[in-house]
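# Okay, predicted coordinates and the sequence, questions at the end:
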Amino acid sequence: MFVRVKNIKGKKYAYLVENEWTPWGSRQRVAKYLGKAHPLTRYQDERSQLPLGYPETIRALVAQELKNHGFLHENDTLRSDAISIHLTQRTVKQGTKNATLQLNEGFLCDHTLTQLFAFEPADRPDITAKKLANTVLEAGLKLTEEDFVHLFEQAKAIKKPQNRGA
């Protein structure tokens, strides 16, 4: 699945779509409406010290990226105009409606924010690194090499759920 932006009557809207094969070839099916798409402008390239722990690092990286795009951090919420991102609830809203932020080469929305926090490492480090890089890119986070290495180290430490009944 991936995020696709459609231009409808001059306004941009984001959808979560998936490709499916039919007898006539590949078709895209809309899985979920993600809200109005808002392109953002980067104002600065500030970096901060990253904490230990995967969820804490993700929280800090998202906050850092949004601050670089002009958002203000209040407790666990980042705000700019009518748009608010609540990191604990993993929501991106414009007022009371879902919204999608076009950041760098990706999109920050409820779906991609949840994917970031729910990341689980693979058995092999090379697969984990690719999977993590794709997840970060899809969410629109622009990381330095040092930030990605730090995030990768935190991701490797995530405890996998144990198989029960084996």
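Perfect, thanks for sending it. Numbers count the residues shown, from 1 in each chain.

# what's the helix or strand for Val62?
For Val62, the element it lies in under DSSP states H and E is helix 54-68.

# Does Leu137 belong to a helix, a strand or coil?
What DSSP: H, G, I helix; E, B strand; the rest coil gives for Leu137 is helix.

# so how far is Ser84 from it?
To Ser84, Leu137 is 24 Å away according to C-beta to C-beta, to the nearest Å. Quick note: C-beta positions are derived from backbone N, CA and C, even for glycine.

# re earlier: so for the helix holding Val62, mean pLDDT?
On average, the pLDDT along helix 54-68 is 95.

# Show residues contacting the very next helix or strand once past that helix.
Remark: after helix 54-68, the chain's next helix or strand is strand 72-74, criterion DSSP H and E. Outside strand 72-74, the residues that touch it by C-beta atoms under 8 Å, 6 or more residues apart in numbering are Ala63, Leu66, Lys67, Leu78, Arg79, Ser80.

# which stretch of helix or strand covers the fifth one?
Put plainly, it is Arg79. Counting by DSSP H and E, Arg79 is part of strand 77-80.

# Ramachandran angles for Glu146?
Main-chain torsions, Glu146, degrees, to the nearest 10: phi -60, psi -40.

# Would you check how far apart it and Leu66 are?
Separation of Glu146 from Leu66 (C-beta to C-beta) stands at 20 Å.
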